[in-house]
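Peer 1: here is a sequence together with a model predicted from it:
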Amino acid sequence: MKQRDFENRYRDSWAQLETWLKADSNKAETAALDLPVAYRNLCQQLAMAKERQYTSRLVDHLNQLVMAAHHRVYRQETLRRNGWLHYVLVGFPRAVRVNSRAVLLAAALFLLPGLILGIGTYNNDALVYAVMSPEQVMGFESMYDPDNRVLGRERGADTDLAMFGFYIRNNIGIAFRTFAGGVLFGLGSIFFLVFNGIHIGAAFGHITRVGFTSTFYPFVIGHGAFELTAIVLAGAAGLILGRSLVNPGQHRRTVALRLAAAEAMKIMYGTFLMLVIAAFLEAFWSSSATMPIAIKLGVGALLWVLVFAYFILAGRRKDAAHAN
């Protein structure tokens, strides 16, 4: 089919879609156009235009139209339109479930190396020095040595606030590197997930071996529910970016990356929020000297259950309503 015939055949449908996208989506307009069907047809037409090597003007025009339609089909109720409350209650957990394959892969890349190094350092104390320098190991031990009472020391409010800022900067820096590494075809995200898993696993195994569990586990269990989960989610968002570059499908890589970034940010907004919560808990709760160990462990376990329940259950009623 010649390009002129191709354009004549589909020009009206393109114009109808463009008009719909530019208009405010009230109920009448929504009923007038089946957007998912129009979007699928448009993707097929774009693929045909590329395969038949039509002019770049036509291909670029269809690319832009596909991107605009994609945002309207797949976007959740946006932060600007529905507010943070709706995003937290529905949009964030739904985005995690929609991208469950990337999340599970990120979890495996993070947890499996951590588990291997944790068991290894617990059984062979010399293994920790393959991951950390002796100075790092000594500093890590001094933080959790019960005899030094480092965690039991009362701190002023100004110190807690300063540590809150430090933890936010540190945690968000780790998450951002893990996410941004996805632009290297996913390899950067894979590296940071494995790297962090190895270091955290080695720390867990070594501290358990030397017997500082009464200070270490009560300290990490509370904020760990948010911090460790957020690292995995940041890695998953990075893998979404990488997937778009490795397999852009019918789009150009630049277009595929933009579309993937829009999807990944639905996860990253919530990930940053989780890291702020983790920093708050680490600064003001985990370091508390007045709270009994049993309560810290109990609250920490409850937080883990709540985090998993949130991602599994939150927003499912809305999902069912959309499906119907």
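Peer 2: Cool, the structure landed.
Peer 1: point out where the protein drops to low pLDDT.
Peer 2: 24-33, 73-82, 148-161, 289, 318-324 (pLDDT under 70).
Peer 1: how about the helices in it?
Peer 2: 3-22, 27-32, 35-51, 56-74, 79-86, 92-98, 100-123, 134-144, 157-180, 187-210, 213-246, 253-281, 293-313, 316-323 (DSSP state H).
Peer 1: my guess is residue 249 meets residue 256, correct?
Peer 2: Yes - using Cβ atoms under 8 Å, residue 249 is in contact with residue 256, at 6.5 Å. C-beta coordinates here come from the backbone N, C-alpha and C atoms, glycine included.
Peer 1: which one of those two has more residues nearby?
Peer 2: residue 256 (20 against 11; other Cβ atoms under 10 Å).
Peer 1: wouldn't the more buried one be in contact with residue 244 here?
Peer 2: Yes - between residue 256 and residue 244 a contact is recorded at 4.2 Å, counting by Cβ under 8 Å.
Peer 1: deepest of the helices of the chain, which one?
Peer 2: helix 213-246 (a mean of 24; mean count of other Cβ atoms under 10 Å).
Peer 1: how distant is it from the center of its chain?
Peer 2: From the chain centre to the centre of helix 213-246 is a distance of 8 Å (Cα atoms, centre = their mean, to the nearest Å).
Peer 1: name the helices or strands packed onto it?
Peer 2: helix 100-123, helix 134-144, helix 157-180, helix 187-210, helix 253-281, helix 293-313 (3 or more Cβ pairs under 8 Å, 6 or more residues apart in numbering; DSSP states H and E).
Peer 1: got the angle for that helix vs helix 253-281?
Peer 2: Angle, helix 213-246 to helix 253-281, by axes from the mean of the first three to the mean of the last three Cα atoms, to 10 degrees: 170 degrees.
Peer 1: for residue 199, give me its contacts.
Peer 2: 131-132 (Cβ atoms under 8 Å, 6 or more residues apart in numbering).
Peer 1: nope, residue 168 is what I meant
Peer 2: Per Cβ under 8 Å, 6+ apart, neighbours of residue 168: 275-276, 279.
Peer 1: picking up where we left off before, next, format the helices of the chain as JSON lines and append distance to residue 287.
Peer 2: JSON lines is the format used below for these (distance: least, Cβ to Cβ, whole Å):
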{"stretch": "helix 3-22", "distance to residue 287": "51"}
{"stretch": "helix 27-32", "distance to residue 287": "52"}
{"stretch": "helix 35-51", "distance to residue 287": "51"}
{"stretch": "helix 56-74", "distance to residue 287": "42"}
{"stretch": "helix 79-86", "distance to residue 287": "28"}
{"stretch": "helix 92-98", "distance to residue 287": "28"}
{"stretch": "helix 100-123", "distance to residue 287": "23"}
{"stretch": "helix 134-144", "distance to residue 287": "10"}
{"stretch": "helix 157-180", "distance to residue 287": "7"}
{"stretch": "helix 187-210", "distance to residue 287": "16"}
{"stretch": "helix 213-246", "distance to residue 287": "7"}
{"stretch": "helix 253-281", "distance to residue 287": "10"}
{"stretch": "helix 293-313", "distance to residue 287": "11"}
{"stretch": "helix 316-323", "distance to residue 287": "36"}
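Peer 1: can you tell me the closest non-neighbouring residue to residue 272?
Peer 2: Leaving aside its sequence neighbours, residue 272 sits nearest to residue 172 (Cβ to Cβ, 6 or more residues apart in numbering; 6.3 Å).
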